[in-house]
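In: Predicted coordinates and the sequence they were generated for:
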Number of protein chains: 2
Amino acid sequence: MEITRPTLLLNKETAIRNIENMARKAEDLHLNFRPHFKTHQSAEIGEWFRAAGVNCITVSSFTMANYFADAGWNDITIAYSINIPEIPAINELAGRIKLNVLIENKEGLEALQNQITWHTGVFIKIDTGYNRTGIESNRTPLIDELLEGLQKTPLLQFKGFLSHTGHTYQANSTHDIFSRHFDALLKMKALKTRYINDWPDLIVSLGDTPSCSICENFDGVDEIRPGNFVFYDLMQYKLGSCKLTDIAVRMVCPVIATHPSRNEVVIYGGAVHFAKDSIVNIDGKQLFGRIIVSDGDKKVLLDERNYLYALSQEHGILRITPRDFNYFKPGELIEIIPVHSCLTANLMKEYLTTEDEVIKMMPFY
Amino acid sequence: MEITRPTLLLNKETAIRNIENMARKAEDLHLNFRPHFKTHQSAEIGEWFRAAGVNCITVSSFTMANYFADAGWNDITIAYSINIPEIPAINELAGRIKLNVLIENKEGLEALQNQITWHTGVFIKIDTGYNRTGIESNRTPLIDELLEGLQKTPLLQFKGFLSHTGHTYQANSTHDIFSRHFDALLKMKALKTRYINDWPDLIVSLGDTPSCSICENFDGVDEIRPGNFVFYDLMQYKLGSCKLTDIAVRMVCPVIATHPSRNEVVIYGGAVHFAKDSIVNIDGKQLFGRIIVSDGDKKVLLDERNYLYALSQEHGILRITPRDFNYFKPGELIEIIPVHSCLTANLMKEYLTTEDEVIKMMPFY
């Protein structure tokens, strides 16, 4: 396909290698692999996971669970504390697949107790330090209360404890990722030790991409749920989770204008394509993407002094050194490695693979 | 429709009032009104403009031009410096409607000269200080060169000078908006004076929402192209472009969890719903939205000490004062006034109106 506008290019080979590597790692460590599908949001890419032996998945909304159930997935965890107004819809879905939901408070429990009509698995969401959702692991009186409630409702089957160590994304070093991961392990293991006698089948589920990519110790963990690793991105590269060659997505953008007097190049590609997550560049400024240009038949990754440094709705502005300025001509295409592949993919709604296939994503989030 | 997940609620009456006010202002000032449709991106909302007498529009991409041409608009300016790889597609569109495009460099001109097959209007894009795209107004040798090129190509009809005074969005006060707007007026007027004898029909086109909302002097301007004003948002309110009651969109979000120990409430509504634009709150922190709660049948706007202060992919975190904490219960709905309605609408892809209609937007940007 001829590219004429911002297009999310997906290197299929790299993505499949990322999937196979993570599947192998889970297998080696005797962990159930329940990858998060919110990054790619695509039934077709889901099949690449199935080919790697995956048969259960994680999603982050009822809408997404429904989409992947329609695509033939019948063992799904909605890793999102129960959204009470959606329980009637969840009932319908629980009637056709093996579905797990999450609770973290009495309101969620009671709403499920009052409204659930099908067998549904329930994880208790634990906060291991990310401080977004979940119950702090030492609040065992609340956990006891929820467990008691679950026991009273035969349709609700307690599955175990689930946490997202999302604060590894704010780590300053790989050392810091290890330390946050181990802290999460200790907290989850303490819970397992405390409750395993009464609930011998309880599962401990963890798994952000940084920990799953770099840590080898998952002591006490039964299941991992990384998602971003399928594509990786500059944020993961900066965290040390991947090499640049592991990043499977690039945005192809036409050059619109060159402004040599201020060392700037304007590209067609803005906030509606990339989203606005950034990392800090070597110059202390926000960086929204790294730049790859063509030099004859070769692709050249420019150094960090050249970068996507500003985004408005549909324009991107590149800061370009005088030395590299000649790579840029209006009408030509360049490639940008995005900072956060999940949000970028979510905006683009489709991929063009390196094998020239167009792959659609679920249309609504 | 019962709301169970993040839903963009559109107050139809407010939006129509905003449209009518701006249309009336343009009429009073004898300005052609060519509103920008990138904010709402909806054929159906386009009809509300048509009802207010609008018959020509602005868009920001070929894709959007095509979508609105299919919806019956036959006089469209793509206010985006020409994206050369799309010229073949633009030819097809120029064959069926009155189309204007923009150039700002010789490469764009030459590509049009070589490839254009239909009568197409061409504006020269002027940079009045936003420093994103366009030619600085004093670079008349380059402007002369482009005009000479246009004269040689009968299919390309020079229409005039177009600028987007986007730096009004970074203004620190309404005074500052006036000053940036007047500076743009002076620059555009100088161009008009210089070229009007040779090009007696030339049009000067300006029009960001802040200037069009608060300024009354458009001396030398022939056309305005504001877009955001149809919905407005917190950014515009902060700039002084609108009152809070002029903001026509709100995101309805279910409460997921309450964490009184850290004064936080978690809502279903994150970066994939709101986008990540923020303004600075009274406490110096990033604010992603203001909060409206229900108190019996009444809606109550909470003060700025309560606000949407963090967004991850699908979670929003509200900072809530102890005094107002009781408004929040898991499973209940609250409303958020968004910071940047254009990016929020772009993510949501549909509206629910206060009259309970679902309005779709163009599916891809």
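Out: Alright, I've got the coordinates.
In: Do I have it right that residue A:39 meets residue A:232?
Out: No. Here residue A:39 does not reach residue A:232: they are 9.6 Å apart, not a contact under CB atoms under 8 Å. For the C-beta atoms, the positions are set from N, CA and C on the backbone; glycine is no exception.
In: Please enumerate the shared neighbours of the two.
Out: residue A:341 (CB atoms under 8 Å, 6 or more residues apart in numbering or on different chains).
In: The host helix or strand of residue A:8 - which strands sit beside it in the sheet, and in what orientation?
Out: Using DSSP states H and E, residue A:8 maps to strand A:7-10. Sheet pairing for strand A:7-10, assigned by DSSP bridges, gives strand A:249-259 (antiparallel), strand A:350-353 (parallel).
In: Check those for me and report the most buried one.
Out: strand A:249-259 (a mean of 24; mean count of other CB atoms under 10 Å in any protein chain shown).
In: mean confidence score for it?
Out: Average pLDDT, strand A:249-259: 98.
In: which helices and strands does the helix or strand following that strand pack with?
Out: Where DSSP H and E defines the elements, the next helix or strand beyond strand A:249-259 is strand A:264-268. On a contact count with 3 or more CB pairs under 8 Å, 6 or more residues apart in numbering or on different chains; DSSP states H and E, strand A:264-268 meets strand A:249-259, strand A:315-319.
In: what's the distance between the closest residue to residue A:9 other than its chain neighbours and residue B:275?
Out: Leaving aside its sequence neighbours, residue A:9 sits nearest to residue A:250 (CB to CB, 6 or more residues apart in numbering or on different chains; 4.9 Å). As judged by CB to CB, to the nearest Å, residue A:250 and residue B:275 stand 22 Å apart.
In: how about residue A:181, secondary structure?
Out: helix (DSSP: H, G, I helix; E, B strand; the rest coil).
In: Contact partners for it?
Out: A:165, A:168, A:210-211, A:215.
In: same deal with residue A:341?
Out: Counted by CB under 8 Å, 6+ apart, residue A:341 has contacts A:39, A:228, A:231-233, A:247-249.
In: number of nearby residues for residue A:227?
Out: 24 (other CB atoms under 10 Å in any protein chain shown).
In: Looks like residue A:38 contacts residue A:227 (just checking).
Out: Yes. With contact defined as CB under 8 Å, residue A:38 reaches residue A:227; the gap is 5.6 Å.
In: Now list whatever residues contact both of these two.
Out: Taking CB under 8 Å, 6+ apart as the criterion, residue A:38 and residue A:227 both touch A:58, A:342.
In: which non-adjacent residue is nearest the residue in the stretch 51-200 of chain A that chain B sits nearest to?
Out: Distances between the stretch 51-200 of chain A and chain B by CB to the nearest CB are smallest at residue A:84, namely 3.1 Å. In space, and not counting its chain neighbours, residue A:84 is closest to residue B:331: 3.1 Å by CB to CB, 6+ apart.
In: Just the pLDDT at the one you found, thanks.
Out: Note on residue B:331: pLDDT of 97.
In: Secondary structure and distance to residue B:140 for the contacts of residue A:341 - can I get that in TSV?
Out: Formatted as TSV, the contacts of residue A:341 follow (DSSP: H, G, I helix; E, B strand; the rest coil; distance: CB to CB, whole Å):
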residue	secondary structure	distance to residue B:140
A:39	coil	50
A:228	helix	51
A:231	coil	47
A:232	coil	49
A:233	coil	44
A:247	coil	45
A:248	coil	48
A:249	strand	43
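In: Spatially, which two of those residues are the most separated?
Out: Distances among the contacts of residue A:341 were taken as CB to CB; the most separated pair is A:39 and A:247, at 12.5 Å.
In: anything in contact with each of those two?
Out: Taking CB under 8 Å, 6+ apart as the criterion, residue A:39 and residue A:247 both touch A:231, A:341.
In: neighbour count winner among the two?
Out: residue A:39 (27 against 22).
In: Please determine how far that one is located from residue A:271.
Out: Counting by CB to CB, the gap from residue A:39 to residue A:271 is 19 Å.
In: gap between the helix or strand just after the strand holding residue A:8 and the chain center?
Out: Per DSSP H and E, the first helix or strand lying C-terminal to strand A:7-10 is helix A:12-28. From the chain centre to the centre of helix A:12-28 is a distance of 15 Å (CA atoms, centre = their mean, to the nearest Å).
In: Who does whatever helix or strand comes next after helix A:12-28 pair with, and is each partner parallel or antiparallel?
Out: Heading C-terminal from helix A:12-28, the first helix or strand you meet, by DSSP H and E, is strand A:32-33. Sheet partners assigned to strand A:32-33 using DSSP bridges are listed as strand A:223-224 (parallel).
In: moving C-terminal of the strand it pairs with, what's the next helix or strand?
Out: helix A:234-239.
In: residues in contact with that next one?
Out: In contact with helix A:234-239 (CB under 8 Å, 6+ apart) are residues A:168-169, A:171, A:174, A:177, A:209-210, A:213, A:228-229, A:242-244, A:246-247, A:277, A:279, A:287, A:289-290, A:337-340.
In: likewise stretch A:49-57?
Out: Under CB under 8 Å, 6+ apart, the answer for stretch A:49-57 is A:16, A:19-20, A:23, A:27, A:32-37, A:46, A:68, A:73, A:75-77, A:98.
In: Of the strands paired with strand A:7-10, give the one that comes closest to residue A:134.
Out: strand A:249-259 (29.8 Å).
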